[in-house]
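# Generate a structure from the sequence data that follows.
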Amino acid sequence: MTLPLQVASIDGAQELYDWFGYWPTFHDAEVLRLELNRSGSSLLTVRTKEVTSETGKKGYYVPAKNVTVEFMIEGVLDLDLNGFSHQNVISYIEVEKTTNGFLVTLSPCYGLAGTIEVSKISIRLSPKEP
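Residues are numbered from 1 along each chain as shown. Next comes the predicted model:
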């Protein structure tokens, strides 16, 4: 499998793909930080993982491939956000290529939801052990 075309031009996307072996959906990821600047860089930081079918001693699924993903955003063109809370769990994050750059969609489980349209985006990883 290869990197999806809609994210292939994003710096750091290949590293994220290689970390998981596929492009993640960010299901049950938690938004740790959202910093918006009207000029200069903005930042969306999420912690995500792969959940295995293995269960631990307490019966919970054992996570693997824990990683903090930083989406460095340049040129916020438009945004529609709501629901920011003390905990912001995502159902999925979708990144789509647009004529002006990229559209980032945050679909919530609990908390933050919405879209951010940007002219440029890059990705940086901070891998962690479970």
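# in this structure, which spans are strands?
29-35, 41-55, 61-82, 89-97, 102-110, 113-127 (DSSP state E).
# pLDDT at the closest residue to residue 89 other than its chain neighbours, what is it?
Sequence neighbours aside, residue 109 is the residue nearest to residue 89 in space, at 4.2 Å (criterion: Cβ to Cβ, 6 or more residues apart in numbering). For every residue, glycine as well, the C-beta is placed using N, CA and C. For residue 109, the pLDDT comes out at 93.
# do residue 92 as well
You'll see residue 92 listed with a pLDDT of 95.
# Give the burial count for the closest residue to residue 29 other than its chain neighbours, as a bare number.
The spatial neighbour of residue 29 that comes closest, neighbours along the chain excluded (Cβ to Cβ, 6+ apart), is residue 48 at 3.7 Å. When neighbours are defined as other Cβ atoms under 10 Å, residue 48 has 22 of them.
# and residue 48, what does it touch?
24, 26, 28, 29, 30, 66, 67, 69 (Cβ atoms under 8 Å, 6 or more residues apart in numbering).
# how about those in JSON lines, adding pLDDT, distance to residue 80 and neighbour count?
Putting the contacts of residue 48 into JSON lines (pLDDT from 0 to 100; distance: Cβ to Cβ, whole Å; neighbours: other Cβ atoms under 10 Å) gives the following:
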{"residue": "24", "pLDDT": "92", "distance to residue 80": "23", "neighbour count": "20"}
{"residue": "26", "pLDDT": "93", "distance to residue 80": "19", "neighbour count": "21"}
{"residue": "28", "pLDDT": "90", "distance to residue 80": "23", "neighbour count": "15"}
{"residue": "29", "pLDDT": "93", "distance to residue 80": "20", "neighbour count": "23"}
{"residue": "30", "pLDDT": "95", "distance to residue 80": "21", "neighbour count": "19"}
{"residue": "66", "pLDDT": "89", "distance to residue 80": "30", "neighbour count": "15"}
{"residue": "67", "pLDDT": "93", "distance to residue 80": "27", "neighbour count": "19"}
{"residue": "69", "pLDDT": "97", "distance to residue 80": "22", "neighbour count": "23"}
